[in-house]
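J.: Dropping a prediction and its sequence here:
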Amino acid sequence: MFLTKDNLKLGLVLGLLAPFIGMFGFYFWKFNVITLKEFFLLLGQQKSLITAMVSFSLLMNAILFTVYVNTHKDETAKGIFIVTIVYAVAALTLKFLL
């Protein structure tokens, strides 16, 4: 199975995709009574929600990172870590500029 490979590219792809799963998890956990479109409009209006959503989204990367480190798939873990740092810097930039 491709998820068991130790590959930097796999880590980068997983690191890019996992936060989107986390974002949808946050939506279904907290805001499932409104539509997805309304959720994104609400994010645009209430910037504090962005911080909560990004934290929840990056939690998915932390879980993946931990799994790959504990299974000694260091190259994949490195890719996940790189993407997590990029996401975190982008989230902080958005928080302080908007």
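T.: That came through, no problem.
J.: where does the protein have low pLDDT?
T.: Within the chain, the stretches with pLDDT under 70 are 1-2, 98.
J.: nearest spatial neighbour of the residue nearest the centre of it, skipping sequence neighbours?
T.: Per CA atoms, centre = their mean, the C-alpha nearest to the average position across the chain is that of residue 19, at 2.1 Å. What sits nearest to residue 19 in space, not counting adjacent residues and going by CB to CB, 6 or more residues apart in numbering, is residue 57, at 3.8 Å. The C-beta positions use only the backbone N, C-alpha and C, and glycine is treated the same way.
J.: okay but that neighbour is in contact with residue 16, surely?
T.: No. If you go by CB atoms under 8 Å, residue 57 and residue 16 don't touch, sitting 11.3 Å apart.
J.: Can you pick out the residue with more neighbours from the two?
T.: Using other CB atoms under 10 Å as the criterion, residue 57 and residue 16 rank with residue 57 on top: 20 against 15.
J.: name the helices or strands packed onto whichever strand or helix holds residue 92?
T.: Using DSSP states H and E, residue 92 falls within helix 74-97. Contact here means 3 or more CB pairs under 8 Å, 6 or more residues apart in numbering; DSSP states H and E; on that basis helix 74-97 packs against helix 8-30, helix 47-70.
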